[in-house]
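Chemist: quick one, what's the 3D model for this:
(chains A and B)
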Amino acid sequence: MSSWVERAWKKGIVTTSYPAEPATEEEAPPSGRAPQVADCSSFAAFAAAAESHCPTRAIGASGLDQGKCIRCSRCLPSGFRAAAELEAASGGRSSLLWIDGVPPKSTAAPAPLAPIGRSITVFLMDAGSCNACNLEVLALANPYYDAHRLGISFTNSPRHADVLVVVGVPTAGLVEPLKRTYEAMPSPKAVLAVGACAIDGGIFENTPGLDSTVRSVVPVDLFVSGCPPPPLAVLDGILRLAGRDRTRSGGSP
Amino acid sequence: MSAPPPAGGSVPARALTYVDAERTLALRTDYERKETIFERPPELSSEDLGLVEHWQARGRPHRLPVGESVEGYGVFTFPYGPVTMGVPESGAFDIRTYGERVLELVPEVGYKSRRIASAVVGRVPADALLRVERFAGNFSASHAAAFLGAVEVANGIRVPEEELWTRALAQELQRVYNHVRLIARVAEAASQNVGLAQAHALAEESLRLMARTFGHRWAFGAFAPGNRFRRLGPDDRRALGERLRAYDREFASLWELFLGSRTFIDRIQSTALVSRADAIRWGAVGPTLRASGVAWDDRLRAPSPPYTDLFVPLAQGSEGDALARVLVREEEVRSSLLLVEQMLDRWTSVRGGEYVPRPPVEPGRGIVRLEAPSGDLVYDVRLADGRVAALGVRTPSQVNWPLFALGMRGAVFTDFHFALESFGLAFADTDG
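Modeler: Down below sits the predicted model:
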């Protein structure tokens, strides 16, 4: 017993100070890096060069769709550079389309959970993921992120949940369970689609047999892009639903 | 020769029978001389080629019964899943019970099927790889290495040895992550909250090591067919080596505390027993098989570079319970760290070397077996005109479900999570 205490003492505090402080390089690792154009005046030239390399058609003449991007880095040799911007990587579906490769000026999304505010209960629903997104969402419970310090806790039943976090591309067997999970939640409620698969299907878009997207089954309030998004991006998305994210609160959640 | 499958049961055709299971017992590890000793030369045998009858992902939920259904007074079916946070994935279980004990458990898999094996047909290997590494995110390095290995055998491409070492390094780091996370999950089931937090933190640290070394927490996009996508420089290797030594010390001290906790050990001791005979008959793989007393590790039994050049300690148990499986995984965390250390020490000696893959079993077809964190992973790739013509995958989770179902017979409900976590099964890995 005492040895456990000693160990915890020696380990010290490892918890991040996000959102009071900006995320560090370790906390917002390269897997959360979205491509961004180095010089936006020449987006058209970059897009023309990179379009054919993009496996998910996230890059087009109209802009860069963060929601479709799976961060495979194939476009990087064409002039894109990686950028770690947690806040810019989530928002409504239209705000994820970066016209001319630059993030929209205002990404302030509605905050459906603002009335609840400070205690948010999350239910995680796997609609057909590869497990990476699941594990990144569940990592919020580990001491490095400790979402509980912000009043965010996980529940085992949708009937106790305020936020439904959906990961993965809805498979044939899970469309109906997804719908019923959403219906089982009490109001007010919000849906957070996490990861490229849950946004438009990601790498599995246009795969025969996978005809649904999460937003065609349940109404989605906010999308978090990435493949998978790092835990802090998910945390930022949840805080956004309550109007408590960094961009809005200036770091005091 | 192992016993034939029971009549009436649905032993899948994919199950691997361990023809020489008795002889593999002669394997042993000599730590002083730093070698693991075989009785027979390791090579791909005809038995391995029998694995071509793969699991067919059906794209819809289906049950995996292990024998006749249990009937009796007051016996009813308790459905669990597919949507539950107790299991952080979507998959279901039909539990036959009279209220106290689990008389029979039938896993229902296929909910998450994305039909990756058919989705990659007609694509060039580089594009197929993007889907293959998303087969199971937490085993991505193993899936990527197996697929690329099979493509290289099919094409007869020479591979830089450094590339193979880099792939093995990613696999070992991911093995550490998976095993540590599994220990955290078992601690969570046992309500060992301090231990859970400590183990959870260690799991996060291994993901960060992965991100630092390979540019991605799950090693997605770290490899590409034939050539090296990311080079590990001397600074990368030095930093990784230093962090791993600290990691090893911290893990060792944490495990000592777990071993000292009676409540933790009591909950997993003699839980979900898998006998050696059952493990062999149902073709168990990985730590599940080794914990039941069969010395079988693909890194030793069917090794490919760099494992042919390294000292691979064999982790083996004999009791076949959840404790034995957790102990095997704990030993493997240490052995993986030792393997990485050996690789880092000898990294410069492989520079410039090339590995010529063995000839394909038939033109344009490559089969690769390797040891994923949860066991033996088989990829069977057929190429035509430089594109994937067919892909067969047999994953450790697919073959280990019946063992979990057998282990749960007669257990009480509260054993469910200890049992499930100790097998390290993943629905994503099953369904693909």
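Chemist: now the stretch 1-150 of chain A, which segments are flagged as low pLDDT?
Modeler: Per-residue confidence for the stretch 1-150 of chain A (pLDDT under 70) gives these ranges: A:1, A:29-41, A:77-85, A:87-88, A:106-109.
Chemist: and the helices in it?
Modeler: Taking DSSP state H, counting those that start in this stretch as the criterion, the stretch 1-150 of chain A contains helices spanning A:2-11, A:43-50, A:132-138.
Chemist: so which of those helices is the most packed in?
Modeler: The highest average neighbour count among the helices of the stretch 1-150 of chain A, using mean count of other CB atoms under 10 Å in any protein chain shown, belongs to helix A:132-138 at a mean of 26. All C-beta spots, glycine's among them, are computed from the backbone N, C-alpha and C.
Chemist: excluding covalently adjacent residues, which one is nearest to whichever residue of the stretch 51-200 of chain A sits closest to chain B?
Modeler: When CB to the nearest CB is the measure, the stretch 51-200 of chain A has its nearest residue to chain B at residue A:132, with 2.8 Å between them. Once flanking residues are discounted, residue A:132 sits nearest to residue B:137: 2.8 Å by CB to CB, 6 or more residues apart in numbering or on different chains.
Chemist: contact partners for the one you found?
Modeler: When contacts are counted by CB atoms under 8 Å, 6 or more residues apart in numbering or on different chains, residue B:137 is found next to A:129, A:130, A:131, A:132, A:133, A:135, A:228, B:218, B:220, B:428.
Chemist: now that we have the residues you listed, which one has the most neighbours?
Modeler: Using other CB atoms under 10 Å in any protein chain shown as the contact criterion, the top neighbour count among these goes to residue A:130, which has 37 neighbours.
Chemist: for the nearest residue to residue B:357 once chain neighbours are set aside, phi and psi?
Modeler: Once its chain neighbours are removed from consideration, residue B:357 has its nearest residue in residue B:153; the separation is 4.6 Å (CB to CB, 6+ apart). In this entry, residue B:153 is assigned phi and psi values of phi -70, psi -50 (degrees, to the nearest 10).
Chemist: per-residue confidence for residue B:153?
Modeler: Confidence per residue is given as pLDDT, and for residue B:153 that number is 90.
Chemist: that one: how many residues sit nearby?
Modeler: For residue B:153, using other CB under 10 Å, the count is 24.
Chemist: what sits against it?
Modeler: With contacts defined as CB under 8 Å, 6+ apart, residue B:153 is in contact with B:357, B:358, B:360, B:366, B:367, B:368.
Chemist: that one and residue B:170, how far apart?
Modeler: Taking CB to CB, to the nearest Å as the measure, residue B:153 falls 19 Å from residue B:170.
Chemist: thinking residue B:353 is in contact with residue B:162, fair?
Modeler: Yes: with contact taken as CB atoms under 8 Å, residue B:353 and residue B:162 are classed as touching, separated by 7.5 Å.
Chemist: so between the two, which is more surrounded?
Modeler: Legend: neighbour count by other CB under 10 Å for residue B:353 and residue B:162, higher for residue B:162 (20 against 13).
Chemist: helix or strand: which one has the more buried one?
Modeler: Element membership of residue B:162 [criterion: DSSP states H and E] is helix B:161-189.
Chemist: tell me which parts of the stretch 151-253 of chain A are close to chain B?
Modeler: Applying the criterion CB under 8 Å from any CB of the partner chain, the portion of the stretch 151-253 of chain A that neighbours chain B consists of A:154-158, A:168-169, A:171-174, A:177, A:180-181, A:203-204, A:207-210, A:227-228, A:230.
Chemist: now residue B:175: how far from residue A:197?
Modeler: From residue B:175 across to residue A:197, the span is 25 Å (CB to CB).
Chemist: between those two, who's got more neighbours?
Modeler: Per other CB under 10 Å, whichever of residue B:175 and residue A:197 has more neighbours is residue A:197, with 31 against 26.
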